[in-house]
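Chemist: 3D model of this:
(chains A and B)
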Protein chains: 2
Amino acid sequence: MVLLSGGLDSAVTLAVAARRDGRVCHAITFDYGQRHRHELEASDRVAASLGVGPERRLRLRIDLRAIGGSALTDDAIGVPKDGRSAGGAGGAAGEIPMTYVPARNLIFLSCAAGYAETIGAGSIYIGVNAVDFSGYPDCREPFLRAFERAAALGTRAGAEADEGGGGAVRVVSPLVHLSKAEIIRLGAELGVDYGLTHSCYDPVVRRGEVLACGGCDSCRIRREGFASAGVADPTRYA
Amino acid sequence: MVLLSGGLDSAVTLAVAARRDGRVCHAITFDYGQRHRHELEASDRVAASLGVGPERRLRLRIDLRAIGGSALTDDAIGVPKDGRSAGGAGGAAGEIPMTYVPARNLIFLSCAAGYAETIGAGSIYIGVNAVDFSGYPDCREPFLRAFERAAALGTRAGAEADEGGGGAVRVVSPLVHLSKAEIIRLGAELGVDYGLTHSCYDPVVRRGEVLACGGCDSCRIRREGFASAGVADPTRYA
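Modeler: Model (predicted):
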């Protein structure tokens, strides 16, 4: 079970699960009212390119706009472009960015744990990364281990594991300690087509083509990552 | 922040939070594709009767049908009526009922934690109960404590608490060790109008009136609870 957003990190994560670890993958994508809805279409292209067909895809709708509190889901909060809002990259250390969505990974992992239980998947792969996004509390390993424990105690598989049967779901985060450049190199080795991925929080559509803004935190980190990895950047910027 | 389903237990939980503990309450209700959708209307009636107006209500849509795996969300799985499917009540000890929805409380608590973070609520009240529903792994205290830990590590409030500011959200489960009869007596003391609540998994609509089936696990446990509490049962059965 791979959390697939259509962004760069989750595409590399799916490639790691499918091609490096040799897993049969299901991919779950959340339609959560995000501003950057183009990533939903990107997720379909990425899944297909890595061999995950429609029968192993789940798109789950959950209205995080109703929960509010983030620039990514609330039209009244602007997407920051001054490079000061990201935690690790350019921002004050430890500061939580405006683009943080309250409890997003907690919610996504919980849904993935439910689906994993239904289909009998033993692992959830998630492309969180504590280096470039150190400001997001839900991208760090202590959170992932605590989630695993909660999921073990709150699901059938976990309850049965306590009694010696089955097994609780594991959370695998192959990118958590990698820099953006290292992630990009890893994906390039595994044949990820980065032209299919979408990272921009605030894209521009021009003559039917979706272009990255180039100015939001996500664009900045992505662009610097390609430069520093020495990998050609196929992103089309506005 | 109170998880309010419209059932008996969550109504008593809201009464405990508002009337016994004197909290200013917000109530969150999930429209998750449940078969027993009448409980959504019941949740509105219960909230209003306990002083929670529309401005402090959130109804969140999340399609747990897509996740599947339960008689409560999958029309292809029948609601059991033989009294053998509930864990604690009538069923084999430790057995997980067909009406268990994979990771439901994990998903619900995660969404509540996100919303609590947005509005600055310090506690989530949940009406889980380990006595009558001992077969549900996500109704037990070890799960709730593990969830609290994960939420503390995965949210802004928790991250700030680690640095000495703010505070992580607490999960309060006032019913967890009570029997159904004790819950019913507690709610009666707090003035809960049980005629507004809806518990049946498989209700019948007759001449515009919603009637409880009387045969599903939830009806059975509820009916026995009223009898054993010595409280008049206002439920209209088919």
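Chemist: partners of A:Leu211 in the sheet?
Modeler: Bridge pairing for A:Leu211 (DSSP bridges) gives the partners A:Val204.
Chemist: residues contacting it?
Modeler: Residues in contact with A:Leu211 (CB atoms under 8 Å, 6 or more residues apart in numbering or on different chains) are A:203-205, A:236-238. Yep, even glycine has a C-beta here, placed from its N, CA and C like the rest.
Chemist: out of these, who's the most crowded?
Modeler: A:Pro203 (24 neighbours; other CB atoms under 10 Å in any protein chain shown).
Chemist: from what I see, that one and A:Glu41 are in contact.
Modeler: No. Between A:Pro203 and A:Glu41 there is no contact under CB atoms under 8 Å: 11.2 Å.
Chemist: farthest-separated two in the contacts of A:Leu211?
Modeler: Largest separation among the contacts of A:Leu211 by CB to CB: A:Val205 and A:Tyr237, giving 13.3 Å.
Chemist: give me the low-pLDDT residue ranges for chain A?
Modeler: Along chain A, segments meeting pLDDT under 70 span A:35-36, A:68-100, A:132-135, A:157-167.
Chemist: the strands in chain A, which residues?
Modeler: A:2-3, A:27-31, A:57-61, A:123-125, A:170-172, A:204-206, A:209-211 (DSSP state E).
Chemist: which of the ones you listed sits most buried?
Modeler: Ranked by mean neighbour count, these are led by strand A:2-3 with a mean of 26 (mean count of other CB atoms under 10 Å in any protein chain shown).
Chemist: any idea how far that one is from the middle of the chain?
Modeler: Relative to its chain's centre, strand A:2-3 lies at 8 Å (CA atoms, centre = their mean, to the nearest Å).
Chemist: just want the angle from the biggest helix by length in chain A to helix B:104-119.
Modeler: Ranked by number of residues, the top helix in chain A under DSSP state H is helix A:104-119. Computed by axes from the mean of the first three to the mean of the last three CA atoms, to 10 degrees, the angle separating helix A:104-119 from helix B:104-119 equals 170 degrees.
Chemist: next, the buried residues of helix A:104-119.
Modeler: Buried residues in helix A:104-119, counted by 16 or more other CB atoms under 10 Å in any protein chain shown: A:104-118.
Chemist: repeat that for stretch A:13-25.
Modeler: A:13-19, A:23, A:25.
Chemist: between the two ends of that stretch, how far is it?
Modeler: 11 Å (CA to CA, to the nearest Å).
Chemist: repeat for stretch A:23-30
Modeler: Across stretch A:23-30, first to last residue, CA to CA, it's 21 Å.
Chemist: residues contacting that stretch, please?
Modeler: By CB under 8 Å, 6+ apart, stretch A:23-30 touches A:1-6, A:14, A:17-18, A:40, A:43, A:47, A:50-52, A:56-62, A:108, A:111-112, A:115, A:119, A:121, A:123, A:125.
Chemist: between the buried residues of helix A:104-119, which is nearest B:Glu209?
Modeler: Nearest to B:Glu209 among the buried residues of helix A:104-119: A:Gly114, at 33.8 Å, using CB to CB.
Chemist: so the closest one sits against B:Ile67, correct?
Modeler: Yes. Assessed by CB under 8 Å, A:Gly114 is found in contact with B:Ile67 at 4.7 Å.
Chemist: tell me the one of the contacts of A:Leu211 nearest A:Glu182?
Modeler: For the contacts of A:Leu211, the nearest to A:Glu182 is A:Tyr237 (22.9 Å; CB to CB).
Chemist: ok, now which ones touch that closest one?
Modeler: With CB under 8 Å, 6+ apart, A:Tyr237 has these contacts: A:211-214, A:219.
Chemist: let me know the closest of the residues you listed to chain B.
Modeler: Closest to chain B out of the contacts of A:Tyr237 is A:Cys219 (23.6 Å), distances taken as CB to the nearest CB.
Chemist: hang on, the earlier thing: what about chain B: which of the contacts of stretch A:23-30 touch it?
Modeler: A:58-62, A:111, A:115 (CB under 8 Å from any CB of the partner chain).
Chemist: widest-spaced pair of the residues you listed?
Modeler: A:Arg61 and A:Tyr115 (13.5 Å).
Chemist: quickly list what's touching both of the two.
Modeler: What both A:Arg61 and A:Tyr115 touch, as defined by CB under 8 Å, 6+ apart, is the set B:Ala66.
Chemist: all helices for chain A, in order.
Modeler: Counting by DSSP H, one finds helices in chain A at the ranges A:8-15, A:38-49, A:104-119, A:141-154, A:156-162, A:180-189, A:217-229.
Chemist: the buried residues of stretch A:13-25 into a markdown table, with extra columns for distance to A:Val131?
Modeler: Listed next are these as a markdown table, based on distance: CB to CB, whole Å:
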| residue | distance to A:Val131 |
| --- | --- |
| A:Thr13 | 15 |
| A:Leu14 | 20 |
| A:Ala15 | 19 |
| A:Val16 | 16 |
| A:Ala17 | 20 |
| A:Ala18 | 23 |
| A:Arg19 | 23 |
| A:Arg23 | 24 |
| A:Cys25 | 24 |
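Chemist: quick one: which of those residues is nearest to chain B?
Modeler: Closest to chain B out of the buried residues of stretch A:13-25 is A:Cys25 (17.1 Å), distances taken as CB to the nearest CB.
Chemist: give me phi/psi at that closest one?
Modeler: Dihedral angles of A:Cys25 (phi, psi; degrees, to the nearest 10) stand at phi -110, psi 140.
Chemist: shared neighbours of A:Gly114 and B:Ile67, anything?
Modeler: B:101-103.
Chemist: quick one: A:Asp31 and A:Arg61 touch, right?
Modeler: Yes. With contact defined as CB under 8 Å, A:Asp31 reaches A:Arg61; the gap is 4.7 Å.
Chemist: ok, back up a step: restricting to C-alpha, output the longest helix of chain A in PDB.
Modeler: The C-alpha trace of helix A:104-119 is given here as PDB (Å, rounded to 0.1, in the frame of the first residue of the first chain):
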ATOM      1  CA  ARG A 104      -2.700  15.400   7.300                       C
ATOM      2  CA  ASN A 105      -0.300  12.400   7.500                       C
ATOM      3  CA  LEU A 106      -2.100  11.100  10.600                       C
ATOM      4  CA  ILE A 107      -5.400  11.100   8.600                       C
ATOM      5  CA  PHE A 108      -3.900   9.700   5.400                       C
ATOM      6  CA  LEU A 109      -2.000   6.900   7.300                       C
ATOM      7  CA  SER A 110      -5.200   6.000   9.200                       C
ATOM      8  CA  CYS A 111      -7.200   5.600   6.000                       C
ATOM      9  CA  ALA A 112      -4.300   3.600   4.500                       C
ATOM     10  CA  ALA A 113      -4.300   1.400   7.500                       C
ATOM     11  CA  GLY A 114      -8.000   0.700   7.100                       C
ATOM     12  CA  TYR A 115      -7.600  -0.100   3.400                       C
ATOM     13  CA  ALA A 116      -4.500  -2.200   4.100                       C
ATOM     14  CA  GLU A 117      -6.500  -4.200   6.600                       C
ATOM     15  CA  THR A 118      -9.300  -4.800   4.100                       C
ATOM     16  CA  ILE A 119      -7.000  -6.000   1.300                       C
END
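Chemist: can you name every helix or strand that it contacts?
Modeler: strand A:2-3, strand A:27-31, strand A:57-61, strand A:123-125, helix A:141-154, helix A:156-162, helix B:104-119, helix B:141-154 (3 or more CB pairs under 8 Å, 6 or more residues apart in numbering or on different chains; DSSP states H and E).
Chemist: export the ones you listed to CSV and tack on distance to A:Val172?
Modeler: Shown next, in CSV, are the helices and strands packed on helix A:104-119 (distance: least, CB to CB, whole Å):
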stretch, distance to A:Val172
strand A:2-3, 9
strand A:27-31, 14
strand A:57-61, 18
strand A:123-125, 5
helix A:141-154, 9
helix A:156-162, 16
helix B:104-119, 18
helix B:141-154, 17
